[in-house]
Every structure is written in C-alpha cells, then in structure tokens.
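>>> pasting the structure only:
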C-alpha cells in the first residue's frame, strides 16, 4: 500500500507557550546539560583512570554514564536551541533520526540498569561465585546484548512510524520526536498502532521494572544473613540503584502505558528521564559511595600532580 506523506517538516510546540518562561527554561536546561556533561565525565574519568574499572559494578556504571551523556545529547541541545528560537522546526528525516536514537540509547540504558541489578544480585546472593559469573567476558557479553536489544527495539519502532501517513497537521505537542505525539498527527485510524506501541514499549518497560523490583526484593531478603557492616555497605549501593531505577522507569511507565489519544502530561514527565535522571545519576552514585569518593580524590590528585610537573 502506498504511503501518502505530505509533511516535510514538523513544528515543536515546546514545553511552554509563554515566551518569558521559555527564556528562563533556556538557562535552566543549559545549566542542567552542563551538569550532565560535567558529572558523567567526572565518573567516566574517575573509573577509567582508577582500579575501579576492574570491578563489574563500576564497569557497568561507566557504560551507564556514557549512555547518559549520549542519550541526553540527542534531546537537550535541540531543546535549548528551540527555547531561544522563534520557530521550533525539524525536518521529517531529522525527526525520524531523533526518534530512532532516543529509543536506541534509552533502550541500551534500560538494559544496562538490568545488568547492574544482576551484578548486585550475584554479589549478594551468590558471593562465592561472583568473580566466576561476573568475569569481564560475561560483562562484555551483557553490554553487547544491551546494545543489540536496544537496536532491535528502536528499529522496530522506527519502521512502524515510517509506514504511517502524515498528510496534514505537523505541530508536535512535545519538545522532541517521540512516538506518541507523532501518532496524534497520523491521518488514519491509529487504534491498532497504539496497541502495538503499548505492547512494544509500555509492557516492556513495566516488565523490566517488575523484574528489577523483584531482584532488589530478593537482594534485601538475602541481606538478613549479613553482618551489620555488610548490610550497610550493600544497602548503600542498592539504594543508589533503586533511586536511579525509580527516577527513570516511573515517568516511562506513565507515558508509554497510557494510550496515545489520552490527555496527559507526557512532555512534562519526559523531562525526568531525558534531563533530571541523567543529571542526578552522578550525584546519586558518588555521594553515597565512599569507594567512589576515595577514587575521585586519588584520580584528581594524580592529575593535578602530573600537571604541576
């Protein structure tokens, strides 16, 4: 069947209609983006330049920080530009590329969070077999699987959207190209497509979230046998992971489980996982982690010492 597509570009309606509020948001998101870059690059530098890179937990954290930088960079720079611009336009091709990259990198990040939960589960539930199960080869395999699953998720979504006709209105009630606001512009019945989107994204996000919650419940259950010092250390690490999972998954569940036609706060909720979570992740993982703090001090003292020579 031939696809009738008369739309060559889309116009973002943005986060807010008020021009003065948008200028304030311009400075807010600019600061947030700089914080995302600085915080995650500090984590990347600290882990890669210290002994922490040998530990699976920090190896996965290194990949999570890289994903946070890449994922945020697909959305926030354009958002910052649009907040300062009079006309918030994006070509059809650029919109499809953004849709693919957002879901690809977001999918990879979700599966890296699953890898981190698996790492903590093995460390606490099967400590004697930890180094055998979570060796570097298996860690690399898990990362490769995260990239592969993220790719298949996003390519399936992209192919579905490319098959839809856009023939009239081109105003997207959002600040980036996402599947639900795009579905509202399709000039045919989207009932079946909406169900496919909920099945592809909504149920997948809910299922992964439930798996993560179950794994952390099992971890907490198995901590009863540990000493008080061991419990404190494990709880400190796991609580950081749980905070990150909640910050990322709860807004995703809210957005992708509800049908496309419903009037909800999609674009406001999207800010949590596109900007706020990547900005807070470095703080969550460093402020509650003494090992990370010590590694940061050592790395920065070595760097400053080498510069002074």
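In hand now; what should we look at? These numbers come from a predicted model, not from an experiment. Residues are numbered from 1 along each chain as shown.

>>> distance check, residue 201 against residue 253.
When distance is defined by Cβ to Cβ, to the nearest Å, residue 201 is 10 Å away from residue 253. (Glycine included, C-beta is placed from N, CA and C.)

>>> who's more crowded, these two?
Taking neighbours as other Cβ atoms under 10 Å, residue 201 and residue 253 compare with residue 201 leading, 23 against 17.

>>> the more buried one falls within a helix, correct?
Yes: assigned with DSSP: H, G, I helix; E, B strand; the rest coil, residue 201 falls within a helix.

>>> let me know the helix or strand that the nearest residue to it once chain neighbours are set aside is in.
Spatial nearest neighbour of residue 201, chain neighbours left out: residue 256 (4.1 Å); criterion: Cβ to Cβ, 6 or more residues apart in numbering. Assigned by DSSP states H and E, residue 256 belongs to helix 228-257.

>>> not counting the next helix or strand after that helix itself, show me its contacts.
Remark: after helix 228-257, the chain's next helix or strand is helix 266-271, criterion DSSP H and E. Contacting residues not belonging to helix 266-271 are listed as 15, 173-176, 178, 180-181, 251, 254-255 [Cβ atoms under 8 Å, 6 or more residues apart in numbering].

>>> in TSV, list those along with neighbour count and secondary structure.
Shown next, in TSV, are the contacts of helix 266-271 (neighbours: other Cβ atoms under 10 Å; DSSP: H, G, I helix; E, B strand; the rest coil):
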residue	neighbour count	secondary structure
15	19	coil
173	13	coil
174	19	coil
175	26	coil
176	21	coil
178	24	coil
180	23	helix
181	21	helix
251	22	helix
254	17	helix
255	22	helix
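
>>> which among those gets closest to residue 128?
residue 251 (38.3 Å; Cβ to Cβ).

>>> is it correct that the closest one is in contact with residue 273?
Yes: if you go by Cβ atoms under 8 Å, residue 251 and residue 273 touch, sitting 5.1 Å apart.

>>> tell me where the model's unsure across the stretch 201-309 of the chain.
For the stretch 201-309 of the chain, the stretches flagged by pLDDT under 70 are 202, 225-227, 229-231, 233-234, 236, 258-264, 287-288, 303-309.

>>> any idea of the pLDDT on the residue nearest to the spatial centre of the chain?
Centroid-nearest residue in the chain: residue 106, 4.5 Å away (criterion: Cα atoms, centre = their mean). pLDDT for residue 106: 91.

>>> state the distance from residue 145 to residue 210.
Residue 145 is 19 Å from residue 210, where distance means Cβ to Cβ.

>>> higher neighbour count, the two?
More crowded of residue 145 and residue 210, by other Cβ under 10 Å: residue 145, with 14 against 11.

>>> beyond the helix or strand hosting that one, next helix or strand please.
Using DSSP H and E, residue 145 falls within helix 136-162. Going down the chain from helix 136-162, the next helix or strand is strand 171-172, by DSSP H and E.

>>> so what strands line up beside that following strand?
With DSSP bridges as the test, strand 171-172 is paired with strand 9-12 (parallel).

>>> what strand or helix carries residue 90?
Applying DSSP H and E as the criterion places residue 90 in strand 89-91.

>>> state the mean pLDDT of that strand.
88.

>>> which strands and helices lie in contact with the very next helix or strand once past that strand?
Next helix or strand after strand 89-91 toward the C-terminus (DSSP H and E): helix 92-125. Judged by 3 or more Cβ pairs under 8 Å, 6 or more residues apart in numbering; DSSP states H and E, the packing partners of helix 92-125 are strand 9-12, helix 56-73, helix 130-133, helix 136-162, helix 179-183, helix 203-222, helix 228-257.

>>> how about those, which one is nearest residue 191?
Once the helices and strands packed on helix 92-125 are compared by Cβ to Cβ, helix 179-183 is nearest, at 10.4 Å.

>>> from the chain's centre, how far out does the closest one sit?
Computed by Cα atoms, centre = their mean, to the nearest Å, the chain-centroid distance of helix 179-183 equals 19 Å.

>>> next structured bit after that helix?
Heading C-terminal from helix 179-183 (DSSP H and E), you reach helix 191-197.

>>> and that following helix, what does it pack onto?
If contacts are counted by 3+ Cβ pairs under 8 Å, 6+ apart, helix 191-197 sits against helix 136-162, helix 179-183.
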